[in-house]
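K.L.:
below are the sequence and a predicted model for it; my questions follow.
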Amino acid sequence: MKNPIRKLAATSLTLALFIIGTAGSVQAVDLIGGTNPAFNNGDFSLSSNFGTIGGGVLTTDVTAQIGSGPWNGTARGVLGILVPPTISINGAANPGDKLNATISGLTAVNTQLGLVQNGGSVFETVDGNPGGTLPAGPTQYCLTGTFSSTDFLTANLLANSGFGVAITTGGTQGTSPTPGTDVANSFTMLGGGLFTLTIDPLTSMSGSFSLIYDSPVLLDPVGVRLFTGENPVLVSTSVLSNVTFDNIFLKATAIPEPSTWALALFGAGALVMLARRKRSAALS
């Protein structure tokens with residue numbers, strides 16, 4: 001007959017390892033790009049998303065699909081003063097390999113009312129829980145990507161231009177898309193997310209960014225917005241003339257609840273107690 005103490009020890013060990021393993025398993029899902037860079041067209045390679053919006057009309061702001069999506073754009077002018085910029089994917093005069101999204105025709109002018117600028121954004125809204133694998137609780141979102149320009153980039157130029165990225169929720173797709181509401185915005189610091197930006201020191205014409213946001217709830221739908229021209233307090237007319245975005249990656253990771261960590265500590269404690277009992281039994 002099996003020793004009851006050994007049986008209890010084996011059961012305790014199995015339970016402790018299960019608790020620790022469950023607590024330590026982190027659920028994460030790629031929402032745009034990632035393991036498959038073309039997922040939801042994170043690399044802008046989908047030919048049906050090629051196209052151009054904006055530009056040319058002095059009085060008309062545009063929010064529309066680019067091609068047939070999934071990326072959309074908003075091009076904003078200044079009534080009677082500045083035309084909206086041109087937003088293109090594999091369209092007019094994109095730098096590099098053209099598999100990217102470019103906002104061009106950006107400018108700022110000094111008027112009797114002060115400094116004004118045009119601006120634009122590229123945005124997309126996706127399923128926030130594909131496959132239903134994420135719990136409904138706290139979730140961390142990480143948005144990364146690269147950007148470039150034909151201008152020499154500096155932190156001051158990007159800041160004055162109103163350049164930034166945002167994580168959104170509540171947006172819609174289709175022929176009349178909406179970008180939804182920003183929950184984390186790198187320019188305004190909305191949401192208190194952790195934002196990092198690096199400019200290539202060799203060329204000063206490209207860089208990368210990362211925006212990490214801890215949401216108290218799972219965002220579904222969730223989206224991203226890549227923008228420039230959103231500085232309401234321009235200090236000069238020195239702004240980006242164009243900017244290109246590429247290699248967009250949005251990832252969602254479930255944040256373990258405090259009770260989960262408590263279970264992990266309980267499991268670790270059970271292992272410690274079991275080890276001590278085995279040592280005491282061996283010495284007696």
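P.N.:
Great, that's in hand. Numbering: from 1, shown residues only.

K.L.:
number of nearby residues for the closest residue to Gly128 other than its chain neighbours?
P.N.:
Leaving aside its sequence neighbours, Gly128 sits nearest to Asp220 (C-beta to C-beta, 6 or more residues apart in numbering; 3.1 Å). (Glycine included, C-beta is placed from N, CA and C.) Other residues within reach of Asp220 by the criterion other C-beta atoms under 10 Å amount to 16.

K.L.:
Asp220 touches Asn129, doesn't it?
P.N.:
Yes - in this structure, Asp220 sits in contact with Asn129. The criterion is C-beta atoms under 8 Å, and the distance is 5.1 Å.

K.L.:
returning to that earlier point: SS state for the residue nearest to Gly128?
P.N.:
The assignment at Asp220 comes out as coil when based on DSSP: H, G, I helix; E, B strand; the rest coil.

K.L.:
gap between it and Gly80?
P.N.:
Counting by C-beta to C-beta, to the nearest Å, the separation of Asp220 from Gly80 is 41 Å.

K.L.:
which element is the residue nearest to the spatial centre of the chain on?
P.N.:
Nearest to the mean C-alpha position of the chain, counting by C-alpha atoms, centre = their mean, stands Leu143 at 2.5 Å. Secondary structure assigned from DSSP states H and E places Leu143 in strand 139-148.

K.L.:
how far away from the center of its chain is the helix or strand following that strand?
P.N.:
Heading C-terminal from strand 139-148, the first helix or strand you meet, by DSSP H and E, is helix 155-161. In terms of C-alpha atoms, centre = their mean, to the nearest Å, the centre of helix 155-161 is found 20 Å from the chain centre.

K.L.:
before we move on, what about stretch 196-216?
P.N.:
Computed by C-alpha atoms, centre = their mean, the separation of stretch 196-216 from the middle of its chain amounts to 11 Å.

K.L.:
now stretch 146-154
P.N.:
In terms of C-alpha atoms, centre = their mean, the centre of stretch 146-154 is set 19 Å apart from its chain centre.

K.L.:
how about the strands in the stretch 1-150 of the chain?
P.N.:
Counting by DSSP state E, counting those that start in this stretch, the stretch 1-150 of the chain has strands at residues 28-32, 51-54, 62-65, 72-76, 86-89, 101-104, 108-111, 114-117, 119-126, 139-148.

K.L.:
could those go into CSV alongside mean pLDDT and distance to Asp214?
P.N.:
Below are these laid out as CSV (pLDDT from 0 to 100; distance: least, C-beta to C-beta, whole Å):
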stretch, mean pLDDT, distance to Asp214
strand 28-32, 97, 14
strand 51-54, 94, 34
strand 62-65, 96, 29
strand 72-76, 98, 26
strand 86-89, 95, 30
strand 101-104, 96, 27
strand 108-111, 96, 34
strand 114-117, 96, 32
strand 119-126, 98, 19
strand 139-148, 98, 5
